[in-house]
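Enquirer: Kindly return the folded structure for what I paste below:
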Amino acid sequence: MITDPDAPMRTGGCHCGAVRFEVDLVDGLHTARRCDCSFCRMRGAVAVSGRPGGLRILSGADQLTCYRFNTGAARHFFCSCCGIYTHHERRSRPGEYGVNLACLDGLSPFDLLSVDVLDGVRHPMDLPPGEGPRIAGRLVFILTDPVTPD
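Expert: Numbers count the residues shown, from 1 in each chain. This next block holds a predicted model:
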């Protein structure tokens, strides 16, 4: 259960703990989303938005590796030890970050009842002026059996 979805400041890290960061979120967890572009379909993460300049690597910067594809504008960062995607610099909103919600301390994407899926196949930066991001669908998580955390 999410205790404060509006909290702007969050800390987090990768699975093995090599990378730790803090992030100042744009609108708490209210920007949670998935994307249906070719990369995000395979990555499968729920992202939330970090303010420009609002992501600070506290430790493990030397463990991060970067991946770029297509236009190369977005930079996706992963821990080189455990392989977990931690964050990316956004193409659709340069300067802003997308942060893997599952990497934020005490949170899980399964805490959210539903998550919008943005139309990344027709990326907002490739659309005519005035056409913004489009919703491709919605993912819904329905808990069938209570589970205790690891």
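
Enquirer: Next SSE downstream of whichever strand or helix holds Cys40?
Expert: Taking DSSP states H and E as the definition, Cys40 sits inside helix 38-43. On the C-terminal side of helix 38-43, the nearest following helix or strand under DSSP H and E is strand 47-59.

Enquirer: Just the buried positions in that next one, please.
Expert: 47-50, 54-55, 57 (16 or more other CB atoms under 10 Å). (Each C-beta comes from the backbone N, C-alpha and C, glycine too.)

Enquirer: still on that earlier bit, Provide the contact partners of the helix holding Cys40 at residue level.
Expert: 34-35, 69, 76, 85, 120-121 (CB atoms under 8 Å, 6 or more residues apart in numbering).

Enquirer: Drop anything exposed from the residues you listed.
Expert: Here, 16+ other CB under 10 Å leaves 34-35, 76, 85, 120 buried among these.

Enquirer: Compile these into TSV and extend it with columns for secondary structure, distance to Phe21 and pLDDT.
Expert: As requested, these are exported to TSV (DSSP: H, G, I helix; E, B strand; the rest coil; distance: CB to CB, whole Å; pLDDT from 0 to 100):
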residue	secondary structure	distance to Phe21	pLDDT
Arg34	strand	21	93
Cys35	strand	21	87
His76	strand	15	94
Tyr85	strand	13	97
Gly120	coil	24	70
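
Enquirer: Would you format those residues as CSV with distance to Ala18 included?
Expert: What follows is these, written out as CSV (distance: CB to CB, whole Å):
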residue, distance to Ala18
Arg34, 25
Cys35, 26
His76, 17
Tyr85, 14
Gly120, 28
